[in-house]
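Student: coordinates only, sequence not included:
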Ligand SMILES: Cc1cc2nc3c(=O)[nH]c(=O)nc-3n(C[C@H](O)[C@H](O)[C@H](O)COP(=O)(O)OP(=O)(O)OC[C@H]3O[C@@H](n4cnc5c(N)ncnc54)[C@H](O)[C@@H]3O)c2cc1C
């Protein structure tokens, strides 16, 4: 590298660590690769090459120590088997990103498809000691020095996404931001490729991981059986205020409390502000964040609804909400908790960041994994035409030709191409936010999903892979912070996360 390029390289490396906007992060990383002549498609070799070039930079040395520890867990003898796997991950939330990170460390080729091209979620996620330990072990504090300072057990959604995106980029993950995943398809050579909107260059897939949140396209497209857990009406509100970090604000106490455990506090807020709550969570991070569940009548008393509709989606629809009244409920709750009036609402999509949700029904998938048949585009077209011509709208000859062609597909091409599809995070199990399980279980399920790469590499029979993943899911569903008594011992192998004896029982 000549002097000029070296200067640009060193500057970009430092800017990369502190960059905040997604565009900025991606641009700076592209500059780093182009200045240092590193092939963006070279996967984990990107990490090895960058580490060689940055040995004099402190944060890079620290990062190297962390990642080298992780690399020790990787079975070197299986390297060719890892390298031959093409993992497509849908969604760049914590679940998708941790899946990507772990698969990349093993040396698989990893593509992440994310429909948004920005990171904007202000909400703060509760993290268990296990999650703090995991994120620290992959270098979270390097990219976000405030992480886990003073026993802080939460992190903003965009902060966790930002730091994981940076780590993934260094580990050679390819990102497709602003792309919506639609489906997989097989080409003429039976290779399974990825279809997105807008299209991306041909991206093969040997394992599809759906980390695409509650409304998961992957779960829907591949018919994962999902059920809904219904409870009585439960309306949630989240809101965020600017944190000016004044001494008054810094002195505020964080809490997560349910009405049954602190009746006097809930009575006080009701008496003072006519706000009747069931749960209230306040965290102080980059923002002052609140999530609470509130009684419908309380919202009605405060004139939040324009009309009292019996249909809940209609009742909570934005068109039925008096925004100023909703903001005043949020402001009064914040005032009760000590937030000064000088703290403005944060904005989300150019509006005050106050959102209403219906938590009465939560979706969970019954299956964590499936072996899915992927049709060739040509086959699919024929099947589509076949089903559209049931009433005999086409001539007999044409029909016969199609039948012959379909038969020849199965004869010449053998069976449909098959691929393993698994879900992680909210796509698998929708959390109840005030309980703070979402991010933690997303990370656990991501580790469970990445373990599939290890099993494919060690040539485990497919049936067994499916069983183990399903067994992990059953354990993961019930995992709580206390489940992990020795967070430092947790690694990719599920037996380090879940009790071996019970895991074997769930598997069998
Ligand atoms: C708007 C919002 C607010 C939330 N607020 C809170 C909160 O206040 N407290 C709390 O505890 N939890 C909250 N959660 C849940 C919490 O963020 C998740 O539990 C946690 O982030 C783990 O989720 P995940 O990685 O499985 O999915 P998510 O974080 O939801 O990420 C899924 C990603 O997939 C992308 N995606 C979806 N469909 C496609 C597609 N077809 N193609 C490509 N990309 C796609 C989405 O853009 C998104 O980035 C919130 C979730 C959302 C969506």
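Tutor: Here it is on my side, so go on. Quick caveat, the model's predicted, so the values are computed rather than measured. Residues are numbered from 1 along each chain as shown.
Student: Show me which residues of the stretch 301-450 of the chain sit near the ligand.
Tutor: Counting by CB under 6 Å from any ligand atom, the stretch 301-450 of the chain comes close to the ligand at 425, 426, 427, 431, 433, 436, 438, 439, 442. No exception for glycine: its C-beta is placed from N, CA and C like everyone else's.
Student: The closest residue to the first one other than its chain neighbours: what's it in contact with?
Tutor: Read it as residue 425. Nearest residue to residue 425, sequence neighbours excluded (CB to CB, 6 or more residues apart in numbering): residue 95, at 2.6 Å. With contact taken as CB atoms under 8 Å, 6 or more residues apart in numbering, residue 95 is in contact with 211, 424, 425, 426, 427, 442, 443, 445, 446.
Student: Return the backbone torsion pair for residue 16.
Tutor: phi -60, psi -40 (degrees, to the nearest 10).
Student: quick one: secondary structure of the closest residue in space to it that isn't next to it in sequence?
Tutor: Leaving aside its sequence neighbours, residue 16 sits nearest to residue 28 (CB to CB, 6+ apart; 4.7 Å). Three-state assignment for residue 28 (DSSP: H, G, I helix; E, B strand; the rest coil): helix.
Student: Pull the contacting residues for residue 28.
Tutor: By CB under 8 Å, 6+ apart, the residues touching residue 28 are 12, 15, 16, 19.
Student: Mind picking the one among the residues of the stretch 301-450 of the chain next to the ligand that's closest to residue 307?
Tutor: The closest of those to residue 307 turns out to be residue 433 (CB to CB; 26.8 Å).
Student: if we can go back for a sec, which of the residues of the stretch 301-450 of the chain next to the ligand sit farthest apart?
Tutor: 427 and 436 (18.5 Å).
Student: neighbours around the closest residue to the ligand within the stretch 51-200 of the chain, how many?
Tutor: Minimum separation of the stretch 51-200 of the chain from the ligand (CB to the nearest ligand atom) falls at residue 93, amounting to 2.2 Å. For residue 93, the count of nearby residues is 26 (other CB atoms under 10 Å).
Student: which residues does the most centrally placed residue in the chain contact?
Tutor: Centroid check for the chain by CA atoms, centre = their mean gives residue 93 as the closest residue, at 2.6 Å. Counting by CB under 8 Å, 6+ apart, residue 93 makes contact with 157, 161, 211, 213, 425, 426, 442.
Student: Which of the residues you listed fall in helices?
Tutor: Judged by DSSP state H, the subset of the contacts of residue 93 located in helices is 157, 161, 442.
Student: Make CSV out of these and add pLDDT and neighbour count.
Tutor: Putting these into CSV (pLDDT from 0 to 100; neighbours: other CB atoms under 10 Å) gives the following:
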residue, pLDDT, neighbour count
157, 97, 19
161, 98, 22
442, 98, 30
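Student: out of the residues you listed, who's nearest residue 35?
Tutor: Nearest to residue 35, judged by CB to CB, of those is residue 161 at 25.8 Å.
Student: Do I have it right that that closest one meets residue 94?
Tutor: Yes: the pair residue 161 and residue 94 qualifies as a contact (CB atoms under 8 Å) at a distance of 7.0 Å.
Student: next one: phi and psi at residue 220?
Tutor: Dihedral angles (degrees, to the nearest 10) for residue 220: phi -70, psi -50.
Student: and it, how many neighbours?
Tutor: Other residues near residue 220 number 13, with proximity taken as other CB under 10 Å.
Student: three-state assignment of the residue nearest to residue 425?
Tutor: Per three-state DSSP, the secondary structure class of residue 95 is helix.
Student: Redo the ones in helices among the contacts of residue 93 as TSV? Include distance to residue 88.
Tutor: As requested, these are exported to TSV (distance: CB to CB, whole Å):
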residue	distance to residue 88
157	23
161	19
442	18
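Student: Return the member of those residues nearest to residue 341.
Tutor: Closest to residue 341, out of all of the ones in helices among the contacts of residue 93 and judged by CB to CB, is residue 157, at 26.1 Å.
Student: residues contacting that closest one?
Tutor: For residue 157, the contacting residues are 93, 94, 121, 122, 123, 124, 125, by CB under 8 Å, 6+ apart.
Student: can you do 6 Å?
Tutor: Residue 157 is in contact with 121, 123, 125, counting by CB atoms under 6 Å, 6 or more residues apart in numbering.
Student: buried sites along the helix or strand hosting residue 195?
Tutor: In this assignment (DSSP states H and E), residue 195 forms part of strand 192-197. Within strand 192-197, the residues that count as buried by 16 or more other CB atoms under 10 Å are 192, 193, 194, 196.
Student: separation between residue 491 and residue 70?
Tutor: 8 Å (CB to CB, to the nearest Å).
Student: what are the ranges of the strands in the stretch 251-400 of the chain?
Tutor: 255-258, 277-284, 287-294, 347-348, 351-352, 354-358, 361-365, 369-374 (DSSP state E, counting those that start in this stretch).
Student: Show me the contact partners of the third one.
Tutor: Read it as strand 287-294. The set of residues external to strand 287-294 that reach it, using CB under 6 Å, 6+ apart, is 122, 124, 234-241, 243, 277-283, 339, 346, 433-434.
Student: Kindly report the same for the first one.
Tutor: Residues from elsewhere that reach strand 255-258, judged by CB under 6 Å, 6+ apart: 279, 280, 281, 282.
Student: among those residues, who's most crowded?
Tutor: Comparing the contacts of strand 255-258 by number of neighbours (other CB under 10 Å), residue 280 comes first, having 24 neighbours.
Student: Who does that one form a beta bridge with?
Tutor: residue 257, residue 292 (DSSP bridges).
Student: between residue 427 and residue 436, who's got more neighbours?
Tutor: In this view residue 427 and residue 436 are compared by other CB under 10 Å, and residue 427 has more residues nearby, 32 against 21.
Student: How about the more buried one: what's its closest non-neighbour residue?
Tutor: residue 216 (3.6 Å).
Student: what about the one you found, how many neighbours?
Tutor: Per other CB under 10 Å, the neighbour tally for residue 216 reads 26.
Student: measure it to residue 113 for me?
Tutor: Distance of residue 216 to residue 113, computed by CB to CB: 13 Å.
Student: What of residue 256?
Tutor: 34 Å.
Student: tell me the contacts of residue 431?
Tutor: By CB under 6 Å, 6+ apart, the contact list for residue 431 reads 437, 438.
Student: Residue 196 against residue 183, yeah?
Tutor: No: contact criterion CB atoms under 6 Å: residue 196 and residue 183 do not qualify, at 9.1 Å.
Student: Run a quick neighbour tally on the nearest residue to residue 212 once chain neighbours are set aside.
Tutor: In this structure, residue 212 finds its nearest non-sequential neighbour in residue 91, 3.8 Å apart by CB to CB, 6+ apart. Residue 91 sits with 29 neighbouring residues when counted by other CB under 10 Å.
Student: Then residue 269?
Tutor: With other CB under 10 Å as criterion, residue 269 counts 19.
Student: Pull up the gap between it and residue 223, please.
Tutor: 45 Å.
Student: returning to what we had before: the contacts of residue 157: which ones sit near the ligand?
Tutor: Among the contacts of residue 157, the ligand is touched by 121, 123, 125 when using CB under 6 Å from any ligand atom.
Student: Mind listing the residues bridging to the last one?
Tutor: Meaning residue 125. residue 155.
Student: quick one: low-confidence parts of the stretch 351-500 of the chain?
Tutor: Along the stretch 351-500 of the chain, the parts satisfying pLDDT under 70 run over 377-416, 500.
Student: Could I get the full set of helices for it?
Tutor: For the stretch 351-500 of the chain, the helices defined by DSSP state H, counting those that start in this stretch occupy 377-388, 396-413, 438-457, 462-477, 500-507.
Student: domains in this protein, as residue ranges please.
Tutor: 73-226+421-507, 232-359 (automatic domain parsing).
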